[in-house]
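Peer 1: heads up, no residue letters with this:
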């Protein structure tokens with residue numbers, strides 16, 4: 001992955017793909033269930049927070065041109081800190097991908113394959129993405145770039161097609177359960193912008209690092225628009241449904257779409273699009289895990305890691321034996337691990353590294369660290 005540089009659009013798609021695949025499942029459902037009628041206002045608020053945090057990450061990485069969080073950790077605390085951060089991010093990407101794989105597989109089983117064991121669905125996804133990981137990473141990036149506009153268009157179509165089913169009264173009261181729930185406690189929904197985690201690893205892979213700022217803001221903005229569409233559809237179409245239904249609400253929204261006599265039950269088309277998008281997401285996460293492992297061990301050939309990583313994903317993915325447990329792990333643990341690792345650990349590392357770099361007072365100090 002290190003040798004394959006990516007362009008602006010590919011980088012934006014990388015960040016965007018994280019929020020897409022979490023939103024397709026239960027993310028919008030969790031937000032509406034917790035925030036109630038002020039969910040749309042809450043998403044706008046956390047979107048502004050995400051843009052602000054993205055700006056902070058950009059400013060802190062600006063002095064470490066072309067280096068990622070592992071390189072900067074090495075600069076700050078040596079190999080020990082680098083290894084700790086690398087292991088934490090490896091575990092974070094692996095666990096969240098495996099749990100999301102379990103959620104998606106359980107949903108497919110309930111919808112289409114009730115007699116099929118979830119293990120086999122998980123195994124098929126992992127085998128397919130493992131094969132893809134043996135190919136060049138650019139092929140995954142290009143496929144992801146081609147897929148995401150289709151996903152975005154499908155979401156816009158879903159929103160427009162269901163507009164006749166919206167109950168606008170569900171946005172009242174505007175502040176839902178109150179100011180605290182919407183803005184203070186509601187700021188916890190910042191985890192919805194999980195793509196922020198990839199911003200720490202993008203710099204070494206960009207063709208033109210000077211575009212990093214633009215990539216950051218555009219990817220977060222598109223993610224915000226997408227999340228707004230999803231949350232709006234969920235809130236305006238369903239009420240108590242989001243607290244009791246175990247399936248992804250967007251799939252249920254798709255089943256309401258009808259375009260005349262010949263265009264009904266479009267759920268199969270939407271599911272196909274989501275399956276392709278999820279496969280790209282899983283391949284991307286596996287590649288980032290491989291990249292981290294390669295950087296920690298300094299191995300030259302990383303292809304032999306693919307199969308053990310695939311087995312690890314399967315092993316973690318089959319642990320939740322029902323969709324309720326899977327949804328719990330996917331929302332609660334994913335949420336807290338995002339705040340702890342992506343914000344409370346990584347941001348201070350960047351701040352301290354900038355202070356150290358400033359104290360050393362030399363633009364080439366970081367570069368000398370790696371020469």
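Peer 2: Sure thing, it's come through. Because the structure is predicted, anything quoted here is derived from the model rather than measured.
Peer 1: residues touching residue 200, list them.
Peer 2: Neighbouring residues of residue 200 by Cβ atoms under 8 Å, 6 or more residues apart in numbering: 57, 61, 68, 69, 89, 342, 346. C-beta: built from backbone N, CA, C; applies to glycine.
Peer 1: show me the two of those residues that sit farthest apart.
Peer 2: Greatest spatial distance in the contacts of residue 200: 61 and 89, 15.3 Å, computed using Cβ to Cβ.
Peer 1: can you say which of the contacts of residue 200 are buried?
Peer 2: Buried residues within the contacts of residue 200, counting neighbours by 16 or more other Cβ atoms under 10 Å: 57, 61, 68, 69, 89, 342, 346.
Peer 1: from these, which ones fall inside strands?
Peer 2: Filtering the buried ones among the contacts of residue 200 for membership in strands, criterion DSSP state E, returns an empty set.
Peer 1: these in helices, which ones?
Peer 2: Taking DSSP state H, the ones among the buried ones among the contacts of residue 200 that sit in helices are 57, 61, 69, 89, 346.
Peer 1: now do the same contact list for the last one.
Peer 2: By that I understand residue 346. Applying Cβ under 8 Å, 6+ apart to residue 346 gives the contacts 69, 85, 200.
Peer 1: same question for stretch 95-108, mean pLDDT?
Peer 2: Taken as a whole, stretch 95-108 has an average pLDDT of 90.
Peer 1: got it, and stretch 318-338?
Peer 2: Per-residue pLDDT values over stretch 318-338 give a mean of 83.
Peer 1: report the buried residues of it.
Peer 2: By neighbour count with 16+ other Cβ under 10 Å, stretch 318-338 contains the buried residues 318, 320, 323, 326, 327, 329, 330, 331, 334, 335, 337, 338.
Peer 1: can you check stretch 283-302 too?
Peer 2: Using 16+ other Cβ under 10 Å as the test for burial, stretch 283-302 gives 283-296, 302.
Peer 1: before we move on, what about stretch 298-315?
Peer 2: Neighbour counts over stretch 298-315 (16+ other Cβ under 10 Å) mark 302, 305, 306, 309, 310, 312, 313, 314 as buried.
Peer 1: just the residues contacting it, thanks.
Peer 2: Applying Cβ under 8 Å, 6+ apart, the external contacts of stretch 298-315 come out as 94, 97-98, 101, 119, 122-123, 126-127, 129-130, 133-134, 282, 286, 289-291, 293-294.
Peer 1: just the buried ones from the residues you listed?
Peer 2: With neighbours counted using 16+ other Cβ under 10 Å, these contain these buried positions: 94, 97-98, 101, 122-123, 126, 129-130, 133, 282, 286, 289-291, 293-294.
Peer 1: following the host helix or strand of residue 132, which helix or strand comes up?
Peer 2: In this structure, residue 132 is located in helix 118-133 according to DSSP states H and E. Past helix 118-133, heading to the C-terminal end, the next element that is a helix or strand (DSSP H and E) is helix 137-161.
Peer 1: for that following helix, name the packing helices and strands.
Peer 2: Using 3 or more Cβ pairs under 8 Å, 6 or more residues apart in numbering; DSSP states H and E as the contact definition, the elements that helix 137-161 packs against are helix 8-22, helix 118-133, helix 212-237, helix 249-254, helix 267-297.
Peer 1: what's the mean pLDDT across the following helix or strand past that helix?
Peer 2: Following the chain from helix 137-161 toward its C-terminal end, the next helix or strand by DSSP H and E is helix 179. When pLDDT is averaged along helix 179, the result is 84.
Peer 1: now residue 6: phi and psi?
Peer 2: Backbone torsions for residue 6, taken as degrees, to the nearest 10, come to phi -120, psi 150.
Peer 1: beta partners for it?
Peer 2: Here residue 6 sits in beta bridges with residue 206, going by DSSP bridges.
Peer 1: and it, how far from residue 274?
Peer 2: Residue 6 sits 23 Å away from residue 274, taking Cβ to Cβ, to the nearest Å as the criterion.
Peer 1: related to what we said a few turns ago, as TSV, the ones in helices among the buried ones among the contacts of residue 200 with distance to residue 150 and pLDDT would be great.
Peer 2: Output for those, formatted as TSV (distance: Cβ to Cβ, whole Å; pLDDT from 0 to 100):
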residue	distance to residue 150	pLDDT
57	29	95
61	31	93
69	31	96
89	29	96
346	32	96
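Peer 1: check which residues of stretch 146-164 are buried.
Peer 2: Of the residues in stretch 146-164, those with enough neighbours to count as buried (16+ other Cβ under 10 Å) are 147, 148, 151, 152, 154, 155, 158, 159, 161, 162.
Peer 1: swap that for stretch 42-50, sorry
Peer 2: Taking 16+ other Cβ under 10 Å as the basis for neighbour counts, the residues of stretch 42-50 that come out buried are 42, 43, 45, 46, 47, 50.
Peer 1: contacting residues for the first one?
Peer 2: When you say that, I think you mean residue 42. For residue 42, the contact set (Cβ under 8 Å, 6+ apart) comprises 31, 35, 176, 182, 183, 186, 189.
Peer 1: buried subset of these?
Peer 2: Among the contacts of residue 42, those classed as buried by 16+ other Cβ under 10 Å are 31, 35, 176, 182, 183, 186, 189.
Peer 1: between those, which sits nearest residue 250?
Peer 2: Within these, proximity to residue 250 (Cβ to Cβ) peaks at residue 31, which comes in at 12.8 Å.
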